[in-house]
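*Asks:* Starting from these lines, generate the structure:
(one chain, ligands or ions: 1)
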Amino acid sequence: MEENMSTKMDDSFLFTPELDPSTDMPGPSEQSSGTQQPSVNVPLPSNNTTATAFRHGLSPSMKFVGKSWTESTTDPTTENSAENGQSSKITLYFLQSSRSIRIAWLLEELKLVYNLEYFDREPSMAAPVSFKQACGGSMGKAPVLVDGDLVIEESGAITQYLIATYDNLNYLLPSPDPLYVKTLLFMHAAEGTFLLHGLVPFYVKRADPDTPEATLEALKIDTGKDLDWLEAELKTSGTRYLVGDTVTAADTMMGFSVQFIMEFDLYPAQEEGVERWQYVIKWLGNIECSKPYQRAVKKTGHTLRPK
Ligand SMILES: N[C@@H](CCC(=O)N[C@@H](CS)C(=O)NCC(=O)O)C(=O)O
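*Replies:* Residues are numbered from 1 along each chain as shown. Model (predicted):
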């Protein structure tokens with residue numbers, strides 16, 4: 001993005017690291033502080049990297065209910081637990097600069113062992129033929145997740161599958177209650193509203209780099225409204241993440257959409273020196289502080305600006 005939006009913010013507003021039960025203890029407070037949003041620079045992985053992760057380090061007797069952790073009588077440890085270095089039946093087909101980061105992050109949140117198949121984009125930004133041949137999916141789009149005999153496409157569908165299969169603590173999609181409905185809303189708004197609107201000016205500009213600014217501005221009106229809505233939601237809830245103070249599937253889906261919109265300036269021009277979406281920027285900073293997110297970026301080499 002031409003201008004880093006965080007530089008326009010009042011320092012007092014910058015994200016405040018807090019204890020986050022969805023991360024490795026002791027939480028984001030050990031990760032960063034100060035006024036700079038952290039950026040994770042890692043070398044790109046080679047193909048066929050095997051990424052390993054562990055189920056989170058919470059006591060098996062703890063269960064996430066609503067916004068807090070409570071004792072549970074059931075043992076959430078299941079067959080998806082794994083030891084370091086163990087190969088996995090789960091493979092993520094990851095395309096650089098894509099929605100694939102949603103799934104890498106989710107796998108890290110779930111502490112699942114998975115194999116990572118990494119693919120760079122073609123110069124045209126299309127997925128390479130090798131991706132389409134290898135992933136086993138019929139759409140040829142990233143991400144694709146393979147779990148045993150199952151091949152799953154669409155990042156939202158993969159998210160729902162992984163949660164239904166492996167989120168034994170219900171911490172990424174709260175049990176049916178108002179928080180569940182709110183999480184679903186964000187999960188679907190990520191594709192059906194935010195990226196739908198954000199990709200219109202993106203594709204128009206890509207098709208014709210000389211598109212008049214006035215046309216692009218007109219095409220960005222909807223993302224402005226979407227971000228206004230998100231800003232109001234975050235301001236009202238006052239929470240660290242979209243649904244409560246821990247990461248949920250709302251964040252793993254919405255994070256990429258909003259990062260993409262901000263990175264490529266797909267929002268309406270703003271008045272100089274005024275930050276219209278301060279809470280949104282703060283939330284993006286909280287995501288970047290999250291250890292599972294940082295692990296996902298490190299393992300995959302995800303960046304929205306590939307070299
Ligand atoms: N709605 C789908 C979108 C999938 C999609 O369009 N993926 C893009 C990357 S973000 C892709 O594979 N692009 C490369 C291509 O179309 O060749 C999802 O959420 O998974």
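
*Asks:* hmm, stretch 249-259 in reach of the ligand?
*Replies:* No - under the criterion of Cβ under 6 Å from any ligand atom, stretch 249-259 makes no contact with the ligand; the nearest approach is 8.1 Å. (C-beta placed from N, C-alpha, C; glycine too.)

*Asks:* Only C-alpha atoms, please: export that stretch in CSV.
*Replies:* Only the C-alpha atoms of stretch 249-259 are listed here, as CSV (Å, rounded to 0.1, in the frame of the first residue of the first chain):
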residue,chain,number,x,y,z
ALA,A,249,-12.9,-18.5,12.5
ALA,A,250,-14.2,-14.9,12.0
ASP,A,251,-10.6,-13.6,12.2
THR,A,252,-9.0,-16.4,10.2
MET,A,253,-11.5,-15.7,7.3
MET,A,254,-11.8,-11.9,7.6
GLY,A,255,-8.1,-11.2,8.2
PHE,A,256,-7.0,-11.9,4.7
SER,A,257,-9.9,-10.0,3.1
VAL,A,258,-9.2,-6.8,5.0
GLN,A,259,-5.5,-7.1,4.7
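
*Asks:* for the record, mean pLDDT for the helix or strand hosting Thr165?
*Replies:* When elements are defined using DSSP states H and E, Thr165 is found to belong to helix 155-166. Mean pLDDT, taken over the full extent of helix 155-166, equals 97.

*Asks:* I'd like the next helix or strand past that helix.
*Replies:* On the C-terminal side of helix 155-166, the closest following helix or strand by DSSP H and E is helix 178-189.

*Asks:* what about that following helix, distance to the chain center?
*Replies:* For helix 178-189, the distance from its own C-alpha centre to the chain's C-alpha centre is 15 Å (Cα atoms, centre = their mean, to the nearest Å).

*Asks:* Residue of the stretch 201-307 of the chain closest to the ligand, please.
*Replies:* Phe256 (8.1 Å; Cβ to the nearest ligand atom).

*Asks:* Could you look up the SS state of that residue?
*Replies:* helix (DSSP: H, G, I helix; E, B strand; the rest coil).

*Asks:* ok, how many other residues are close to it?
*Replies:* Residues lying near Phe256 (other Cβ atoms under 10 Å) number 25.

*Asks:* pretty sure it contacts Phe194?
*Replies:* No - in this structure Phe256 lies outside contact range of Phe194 using Cβ atoms under 8 Å: 9.4 Å.

*Asks:* Any residues of the protein in contact with the ligand? List them.
*Replies:* Taking Cβ under 6 Å from any ligand atom as the criterion, the chain approaches the ligand at residues Leu95, Ser98, Arg99, Ala126, Ala127, Lys141, Ala142, Glu154, Ser155, Gly156, Glu191.

*Asks:* Let's have those residues in JSON lines, adding secondary structure and neighbour count.
*Replies:* Conversion of the residues of the chain next to the ligand to JSON lines gives the following (DSSP: H, G, I helix; E, B strand; the rest coil; neighbours: other Cβ atoms under 10 Å):
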{"residue": "Leu95", "secondary structure": "strand", "neighbour count": "25"}
{"residue": "Ser98", "secondary structure": "coil", "neighbour count": "22"}
{"residue": "Arg99", "secondary structure": "coil", "neighbour count": "22"}
{"residue": "Ala126", "secondary structure": "coil", "neighbour count": "12"}
{"residue": "Ala127", "secondary structure": "coil", "neighbour count": "22"}
{"residue": "Lys141", "secondary structure": "coil", "neighbour count": "18"}
{"residue": "Ala142", "secondary structure": "coil", "neighbour count": "25"}
{"residue": "Glu154", "secondary structure": "coil", "neighbour count": "17"}
{"residue": "Ser155", "secondary structure": "helix", "neighbour count": "27"}
{"residue": "Gly156", "secondary structure": "helix", "neighbour count": "17"}
{"residue": "Glu191", "secondary structure": "helix", "neighbour count": "19"}
